[in-house]
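Undergrad: here are the coordinates; sequence isn't available:
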């Protein structure tokens, strides 16, 4: 189950790399795997703390601030992997990643 979700995340990242960010190079697959690992670590260790610290802003904006938090963490993961994108392209990449990942998870795990 973990391996299937990990492969789905790598595929979703490849979609973001090619369609949204237009990343080119020789080691795109390796970069996608490394970014999937970095995203996993960020989502396990950093995301809960950041969401807890930004809870008042999230409540005041009826949850919309959580979108910015997720985009910022996706931007952080891209910067760790040395992909040069600005914040708004990272936010667009996060949105595409979330949609593709949710669709692929639904097809692979629930059908």
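TA: Structure's in. What do you need? All values derive from a computational prediction rather than experimental measurement.

Undergrad: When you work out contacts or count neighbours from here on, use the C-alpha atoms and nothing else.
TA: Will do.

Undergrad: Let me see the mean pLDDT of the lengthiest helix in the chain.
TA: Of all segments of type helix in the chain, defined using DSSP state H, the longest is helix 87-109. For helix 87-109, mean pLDDT is 95.

Undergrad: again with stretch 63-71
TA: Computed over stretch 63-71, the average pLDDT equals 96.

Undergrad: what's the offset of that stretch from the middle of its chain?
TA: Distance of stretch 63-71 from its chain centroid, counting by Cα atoms, centre = their mean, to the nearest Å, is 12 Å.

Undergrad: do the same with stretch 39-46
TA: How far stretch 39-46 lies from its chain's middle: 10 Å, per Cα atoms, centre = their mean.

Undergrad: Now tell me what touches it from outside.
TA: Stretch 39-46 is contacted by residues 73, 74, 77 when judged by Cα atoms under 8 Å, 6 or more residues apart in numbering.

Undergrad: Of all the residues in that stretch, which ones are buried?
TA: 39, 40, 42 (16 or more other Cα atoms under 10 Å).

Undergrad: do the same with stretch 2-16
TA: Result for stretch 2-16 [16+ other Cα under 10 Å]: buried residues 8, 9, 10, 11, 12, 13, 14, 15, 16.

Undergrad: One more: stretch 89-99?
TA: The neighbour-count check on stretch 89-99 (16+ other Cα under 10 Å) flags 90, 91, 92, 93, 94, 95, 96, 97, 98 as buried.
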